[in-house]
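Asks: no sequence on this one, just coordinates:
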Ligand code: HEM
């Protein structure tokens with residue numbers, strides 16, 4: 001059997017779409033029950049966790065299904081327009097997502113965790129900015145593609161930090 005030595009995508013490392021669906025189902029269960037975020041998400045539909053899983057899958061190097069079927073990055077941004085999200089709401093969103101990720105036992109290695117947090121910090125700050133009055137959607141915005149960043153991929157002997 002031929003063994004590929006190439007660096008896996010973040011998507012594959014996490015466990016693909018099944019892992020992302022488990023993560024978003026648990027996360028939005030907690031969001032609904034949260035006193036700060038519950039009211040913000042009161043209107044979300046049952047497909048919301050699956051759509052966010054598809055979005056994250058594409059960002060992390062998985063299939064481009066959110067772009068093909070749900071309008072890509074501009075559509076995601078459009079969902080946040082005029083929601084008037086605050087920094088405390090954003091921090092709670094991050095905390096609940098990271099709590100869910102930890103409690104589900106998803107890959108917790110420093111390389112993966114730092115890449116995940118890097119994207120979530122970036123994406124959530126964009127969501128808040130685009131939720132304020134006067135924000136407009138960049139209709140040709142490309143889908144972000146996140147990689148391993150400065151850690152350059154999963155741990156292996158001889159790498160910096162090892
Ligand atoms: C990386 C960060 C984020 C991503 C990738 C993301 C992604 C998405 C996506 C894909 C949707 C549309 C879901 C659908 O089609 O049903 C959505 C909607 C929404 N998001 Fe986000 N989001 C992010 C951050 C946030 C944050 C930080 C908040 C609030 C603190 C937030 C609040 C909302 C709300 C209120 C909606 C609309 C819910 C509704 O349908 O009523 N998002 N988001």
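Replies: Perfect, thanks for sending it. Small disclaimer: the values here were computed from a predicted structure and weren't measured. Numbers count the residues shown, from 1 in each chain.

Asks: so what's the gap between stretch 46-64 and the chain middle?
Replies: Per Cα atoms, centre = their mean, to the nearest Å, the displacement of stretch 46-64 from the mean C-alpha position of its chain is 8 Å.

Asks: what packs against the lowest-mean-pLDDT helix or strand in the chain?
Replies: Across the helices and strands of the chain, mean pLDDT, DSSP states H and E gives its lowest value to helix 72-78, namely a mean of 94. With contacts taken as 3 or more Cβ pairs under 8 Å, 6 or more residues apart in numbering; DSSP states H and E, helix 72-78 sits against helix 65-70. Any C-beta I mention is one placed from the backbone N, CA and C, and that applies to glycine too.

Asks: which positions in the helix it packs on come out as buried?
Replies: 66-67 (16 or more other Cβ atoms under 10 Å).

Asks: residue of the chain closest to the ligand, please.
Replies: residue 123 (2.4 Å; Cβ to the nearest ligand atom).

Asks: any idea which helix or strand carries that residue?
Replies: Element membership of residue 123 [criterion: DSSP states H and E] is helix 110-129.

Asks: would you list every one of the helices in this structure?
Replies: Using DSSP state H, the helices assigned to the chain run over residues 10-14, 16-33, 48-59, 65-70, 72-78, 87-103, 110-129.
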